[in-house]
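*Asks:* structure for this input, please:
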Amino acid sequence: MRRANLELHIEELVLHGFAPGDRHRIGDAVERELARLFAERGVPPNFSQGFETARLDGGSFNFAPGSSAQSIGEQIAQTLYGGLPE
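*Replies:* Numbering: from 1, shown residues only. Next comes the predicted model:
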């Protein structure tokens, strides 16, 4: 099976309610988790024709107080991946 070649560019990730010092750790965790999700679950079929959007609303989610930047980033990535159009 041939693997799809994907380039994903996130211009801006807007997060409200997080410590400013966590922004890079959260962003890095989002990047790693999205890469893992695309590698394991694949690229949605409509991406083969090219897909571009000005905005993707990841919605909201709950996390436990004291959650690590890593786990928050993973949860954000999973929410974003789940919201991609198929």
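
*Asks:* so where's the longest helix in this structure?
*Replies:* helix 23-41 (DSSP state H).

*Asks:* which other residues reach the next helix or strand after that one?
*Replies:* Next helix or strand after helix 23-41 toward the C-terminus (DSSP states H and E): helix 69-82. With CB atoms under 8 Å, 6 or more residues apart in numbering as the test, helix 69-82 has contacts from 13, 15, 18, 22, 25-34, 37-38, 41, 56, 58-59, 61, 63. The way it works is simple: take the backbone N, C-alpha and C, and place the C-beta from them, glycine included.

*Asks:* list buried residues within these.
*Replies:* Buried by 16 or more other CB atoms under 10 Å: 15, 22, 25-27, 29-30, 33-34, 37-38, 58, out of the contacts of helix 69-82.

*Asks:* what's the closest non-adjacent residue to the residue nearest to the spatial centre of the chain?
*Replies:* When CA atoms, centre = their mean is applied to the chain, the residue found nearest the centroid is residue 77 (2.9 Å). The shortest distance from residue 77 to any residue other than its chain neighbours is 3.5 Å, reached at residue 33 (CB to CB, 6 or more residues apart in numbering).

*Asks:* give me the contacts around stretch 21-30.
*Replies:* 10, 13, 15, 18, 69-74, 76-77, 80.

*Asks:* give me phi/psi at residue 59?
*Replies:* Dihedral angles phi and psi of residue 59 (degrees, to the nearest 10) take the values phi 70, psi -150.

*Asks:* residues near the closest residue to it other than its chain neighbours, how many?
*Replies:* Among residues not flanking residue 59 along the chain, residue 79 sits closest, at 6.1 Å (CB to CB, 6+ apart). For residue 79, the neighbour count with other CB atoms under 10 Å is 15.
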